[in-house]
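Peer 1: Coordinates for the following, if possible.
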Amino acid sequence: MGCFQIDLSNRLQLIFYGLSLLQLYRAVQLAISLQKDWSGFRQPPLTRRKMHLVEQAAFLLAIPPSVLVHEYFHAIPISLFGGRVVNCGYGFYWGFVQADRLFPATEQWVISLGGTLGSLLFAAVLFVLLYRNQSRTLRYFGRQSLRMLLYFSLIYYPIFTALSFIGDWRVIYDFSQTPILSGATAVVHIIILLLFWQANRRGWFEMVGHETVADATAFARLEEQRQLNPHDARLTLQVVDALRNGGAPQKATALLQQAIKQNPNVAGFYLQLALLQHGGKGNVPGTAVRNLEKALQLGLSDPRHQAMAHHLLGQHALDKGQGAVALDHLDKAIRAVDAWTETPINPLFRANLYHVRSLVQQRLRQPDLARQDAQQAVALAQGTGNERALAFYQQKLQMIENWNGR
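Peer 2: Got it, this is the predicted structure:
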């Protein structure tokens, strides 16, 4: 992107064009999909599916015009300094311009920095134009495009330049030629990155997704109630749950951290924070483990929440090779689930508990118990009609039987 005054070889240009064409193919597919239901795409509510499409569009559709602006902002100072562009290339996701001469160091620095300033200006204008748009979907596109273009211009591109020695940043940060200008740029660059990190960490680029207009309206009322009663733990947990399920994990995390500072003795806060830190991934991070232990220490009154905490702690202990500890947590999780009688608990959650416990039993060399738990997981999955889950647990049962020579 914006490889200023670099005489790219034909082979390298072909590689860049080839990679760009692959991305362009995806961009065209996405654009056609959006165009077919453009009215519905813009209309409320902002669903999780629309959010996923917007996040793709922030890369596939926002970067090509920003690259064009980037290259144009190289050409402007070249012309102002009395030069001419004698060669250029545009590959949608990358580009370059080549001037007819080498300029003095300060002028070369201005020309190189111009491309990035152009990219940032494009990102800012796009964001401002969409910031107050009536469509929440387009407002989300503005935020995600700003996030993507900041990342692309100020993180990815400098790293690419450092690793490949191709790009503007090797001139911008040529301290041997422009020590003062390069130093000042580094200071501003770091400040912007810190602000970007803080904004990202606090969920500034996020918006909350809802499947229906009624859900969106209910969430708005819930937020109003919480703002009127900021110390109400129940309302805070409801908002956090909605944020987490609505695709705004950073907003949920920031709200929880603020709530914990105000009231550090609410067990549910630590459980929700642990769930966000885990993020549904395989491994349970140490920060989540500490928050799960804190939640159990303070006392989780809801058996379902107890089961969730013990389940994750059991998974973590299994990953660490602590079989006895894992078994204890999983036994407690299953007992908590069995104690809950008010509303049905997702059978797949039960199935996963038995599945994980079967792995622990196998590690503890208790093959009969491992097989029984694996069979229970299969039985629970059969009752859901979820063929994918059923196939998974059947495969795990077969694996345990193979291990034990059955």
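Peer 1: correct me, but residue 112 touches residue 172?
Peer 2: Yes - with contact defined as CB atoms under 8 Å, residue 112 counts as touching residue 172 (5.1 Å). Using the backbone N, CA and C atoms, a C-beta is placed for each residue, glycine as well.
Peer 1: Quick check: phi and psi on residue 97?
Peer 2: Per-residue torsions, residue 97: phi -130, psi 150 (degrees, to the nearest 10).
Peer 1: distance of it from residue 334?
Peer 2: 65 Å (CB to CB, to the nearest Å).
Peer 1: Give me the more crowded residue out of the two.
Peer 2: residue 97 (24 against 20; other CB atoms under 10 Å).
Peer 1: Tell me the bridge partners for the more buried one.
Peer 2: Note on residue 97: beta-bridge partners residue 4, residue 88, judged by DSSP bridges.
Peer 1: For residue 90, list the residues it contacts.
Peer 2: Going by CB atoms under 8 Å, 6 or more residues apart in numbering, residue 90 touches 67, 68, 71.
Peer 1: if we go to 10 Å?
Peer 2: 17, 20, 64, 67, 68, 70, 71, 96, 97 (CB atoms under 10 Å, 6 or more residues apart in numbering).
Peer 1: In JSON lines, list the residues you listed along with pLDDT.
Peer 2: Listed next are those as JSON lines, based on pLDDT from 0 to 100:
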{"residue": "17", "pLDDT": "80"}
{"residue": "20", "pLDDT": "85"}
{"residue": "64", "pLDDT": "95"}
{"residue": "67", "pLDDT": "95"}
{"residue": "68", "pLDDT": "95"}
{"residue": "70", "pLDDT": "96"}
{"residue": "71", "pLDDT": "95"}
{"residue": "96", "pLDDT": "88"}
{"residue": "97", "pLDDT": "91"}
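Peer 1: Where helices are concerned, which of these count?
Peer 2: Judged by DSSP state H, the contacts of residue 90 include 17, 20, 64, 67, 68, 70, 71 as members of helices.
Peer 1: Show the buried residues in these.
Peer 2: With neighbours counted by 16 or more other CB atoms under 10 Å, the ones in helices among the contacts of residue 90 contain buried members at 17, 20, 64, 67, 70, 71.
Peer 1: Which one of those is nearest to residue 359?
Peer 2: Of all these, residue 359 sits closest to residue 20, with 45.0 Å by CB to CB.
Peer 1: List the residue ranges of this protein that fall below the pLDDT cut-off.
Peer 2: For the chain, the stretches with pLDDT under 70 are 1-13, 406.
Peer 1: let's see 50
Peer 2: 3-7 (pLDDT under 50).
Peer 1: From residue 257, how far out is residue 294?
Peer 2: In terms of CB to CB, residue 294 sits 13 Å off from residue 257.
Peer 1: Pull the number of nearby residues for residue 347.
Peer 2: 17.
Peer 1: which ones are touching residue 37?
Peer 2: Here residue 37 is in contact with residue 43 (criterion: CB under 10 Å, 6+ apart).
Peer 1: Redo the contacts of residue 90 as JSON lines? Include distance to residue 44.
Peer 2: Shown next, in JSON lines, are these (distance: CB to CB, whole Å):
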{"residue": "17", "distance to residue 44": "40"}
{"residue": "20", "distance to residue 44": "35"}
{"residue": "64", "distance to residue 44": "28"}
{"residue": "67", "distance to residue 44": "32"}
{"residue": "68", "distance to residue 44": "32"}
{"residue": "70", "distance to residue 44": "34"}
{"residue": "71", "distance to residue 44": "37"}
{"residue": "96", "distance to residue 44": "42"}
{"residue": "97", "distance to residue 44": "43"}
